[in-house]
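3D, please:
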Amino acid sequence: MNWISIDDKLPEMVRQYEMFLVVTDKGIGTAVYDSLNEFSRIIVSGSTQYSHYTVTHWMRLPEPPTAK
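Numbering: from 1, shown residues only. Purely as a prediction, here's the structure:
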């Protein structure tokens, strides 16, 4: 998986909203994305939740492991 710049592409929605890994001006974290609000509910490790972080890159969460 590679980071995608928000200048190049925004997520294509499969569901009403989805969670993504994001790079912000404050570090790497998670965020919820929906087409109306774009990235929100951003949580950066070691910090509280802020929506005013500037997201620069994103990627989908990896698939969960499968049992063998």
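
tell me how many other residues crowd residue 21.
Close neighbours of residue 21, defined as other Cβ atoms under 10 Å, add up to 16. Every C-beta, even on glycine, is put in place using the N, C-alpha and C of the backbone.

in its sheet, what does the helix or strand harbouring it sit against?
Assigned by DSSP states H and E, residue 21 belongs to strand 18-24. For strand 18-24, the pairing partners within the sheet under DSSP bridges are strand 27-34 (antiparallel), strand 55-60 (antiparallel).

indicate which one of those is closest to residue 16.
strand 27-34 (6.5 Å; Cβ to Cβ).

follow-up on the earlier one: dump the C-alpha coordinates for the strand holding residue 21 into CSV.
This file holds the C-alpha atoms of strand 18-24, laid out as CSV (Å, rounded to 0.1, in the frame of the first residue of the first chain):
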residue,chain,number,x,y,z
GLU,A,18,-15.1,4.8,6.1
MET,A,19,-12.0,5.0,8.3
PHE,A,20,-8.6,5.7,6.8
LEU,A,21,-5.0,6.1,7.8
VAL,A,22,-3.9,9.7,7.3
VAL,A,23,-0.8,11.9,7.4
THR,A,24,-1.5,15.3,8.9
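
what is the least confident helix or strand in this protein?
The helix or strand of the chain with the poorest confidence is strand 49-50; it has a mean of 64 (mean pLDDT, DSSP states H and E).

for the one residue sitting closest to the centre of the chain, name its beta-bridge partners.
With distances taken as Cα atoms, centre = their mean, residue 20 lies nearest the centre of the chain, 3.1 Å away. On the basis of DSSP bridges, residue 20 is bridged to residue 31, residue 60.

roughly how far does it sit from residue 32?
Separation of residue 20 from residue 32 (Cβ to Cβ, to the nearest Å) stands at 8 Å.
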